[in-house]
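Asker: okay, here's the prediction I keep looking at, along with the sequence it came from:
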Amino acid sequence: MTTTKHWTLKSIANELGVSNATVSNAFNRPDQLSEKRRNDILAACTKLGYFGPNKAAQSLRKGKFDTVALVLSDSVEYMVSDPVASKFMKGVASVLEQEKLNLLLFSGSSDSVNAVADFVDGFICYGRPRNALLAEQLKQVKKKVVTVDFDIHRNASVSIDNKLAAYEVAKLALQSPADNVAILGLRLLDTHLTCRVYDLDLLEIDMSIAHQRLQGYLQAIEETGVTLGNDRIWNIPESNAEYARIAAKEALNSTPRPNVFLCMSDLIALSVLGEAQAMGLSVPEDVRVVGFDGIDEATRSTPPLTTVYQYSEQKGRKAAQMFVSDAVHAEVLGYELRLGKSC
């Protein structure tokens, strides 16, 4: 059995009969050699199985890794399938690729950012991580951090005004004090269960976009004069149809039945539309529904969904640009109310 020799810069230079600097220049500074000289050295190295100086060692010496860790709010598997998160990641990737920086996806359910902190240049954190310990670690880590849609007071952050956006879209759905309202929330509680939320005083207001949106809904409800029942807020652990259908069915079969649904994502709102129509209810005559995010499916639904459209790809680009430029300020991006026919 043959074994492959472990070449170093010094040993490969000795083998080829050239200086260490010549081999290094062939890989890292091509302008220092003639094209023929460089090609001959690279070809000889490839034949021997040497593919350049150890990048990890170089990065450790320089303290620069050309890699940014994107800390997601939930598991990578879930986040890459979410249409809003996917657009955000596309925006981040487009900027980092232009800057020749690598992107490392890091699960918000992981135990510790310390596993990668020594091998990245810093972090972009998209949403409050499911494991709250990660947010505490990011407050202390001695690397650049840009947060998105939540704040750990590291000075660089990107968001929209979620409270105001939720307030404005709720006002489109609410008509009178006689309205019976249900709020289908997203990750209001730290649980994987779809369940009702009974004690608002226990919620960590301002800690996440869900709680900011809830504040906006509650303000609109109060101004309209609606009395919100103490069993009319649902927690949905993930923005997907399976969990949303559970809450939608339960809410639509409650007595009295809600006629206004304030949903914290378009995917949740689309589940409400589907379940309502399956029960023979008309939208918006019997049930008025609003969503949040502005995903493509919302414009194609029957009827088209009234929602808050946030520019997720632009948000991703802005977060990456702030990282690259060492920004130390908060950026609040705009959003758009898209009027469908669901309310």
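Answerer: That came through fine. All values derive from a computational prediction rather than experimental measurement. Numbers count the residues shown, from 1 in each chain.
Asker: okay, now the unreliable bits of the stretch 1-150 of the chain?
Answerer: Within the stretch 1-150 of the chain, the set of residues satisfying pLDDT under 70 comprises 1-4, 54-64.
Asker: so which residues of it form strands?
Answerer: For the stretch 1-150 of the chain, the strands defined by DSSP state E, counting those that start in this stretch occupy 67-72, 102-106, 122-126, 144-148.
Asker: angle of the second one against strand 67-72?
Answerer: If you take axes from the mean of the first three to the mean of the last three CA atoms, to 10 degrees, strand 102-106 sits at 30 degrees to strand 67-72.
Asker: just the last one next, same as before
Answerer: Angle between the axes of strand 144-148 and strand 67-72 is 30 degrees (criterion: the same axes, to 10 degrees).
Asker: let's have the strands of the stretch 1-150 of the chain in JSON lines, adding mean neighbour count and distance to residue 289.
Answerer: To be clear about C-beta, it is placed using only N, CA and C from the backbone, and glycine gets the same treatment. Listed next are those as JSON lines, based on neighbours: other CB atoms under 10 Å; distance: least, CB to CB, whole Å:
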{"stretch": "strand 67-72", "mean neighbour count": "24", "distance to residue 289": "28"}
{"stretch": "strand 102-106", "mean neighbour count": "16", "distance to residue 289": "33"}
{"stretch": "strand 122-126", "mean neighbour count": "26", "distance to residue 289": "27"}
{"stretch": "strand 144-148", "mean neighbour count": "24", "distance to residue 289": "27"}
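Asker: format those as CSV; extra columns: distance to residue 171.
Answerer: Formatted as CSV, the entries for the strands of the stretch 1-150 of the chain read as follows, by distance: least, CB to CB, whole Å:
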stretch, distance to residue 171
strand 67-72, 32
strand 102-106, 37
strand 122-126, 28
strand 144-148, 26
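Asker: closest one to residue 209 among these?
Answerer: With CB to CB as the criterion, residue 209 lies closest to strand 144-148 of these, at 9.6 Å.
Asker: just name whatever secondary elements the closest one is in contact with.
Answerer: strand 122-126, strand 157-160, helix 312-324 (3 or more CB pairs under 8 Å, 6 or more residues apart in numbering; DSSP states H and E).
Asker: after the longest one, which helix or strand is next?
Answerer: Stepping forward along the backbone from helix 312-324, the first helix or strand reached (DSSP states H and E) is strand 330-333.
Asker: now do the strands in the stretch 151-300 of the chain.
Answerer: Using DSSP E, counting those that start in this stretch, the strands assigned to the stretch 151-300 of the chain run over residues 157-160, 181-186, 195-196, 233-236, 260-263, 288-290.
Asker: which neighbours does the fourth one have in its sheet, and in what orientation?
Answerer: Pairing partners of strand 233-236, with direction, according to DSSP bridges: strand 181-186 (parallel), strand 195-196 (antiparallel).
Asker: no further questions, thank you.
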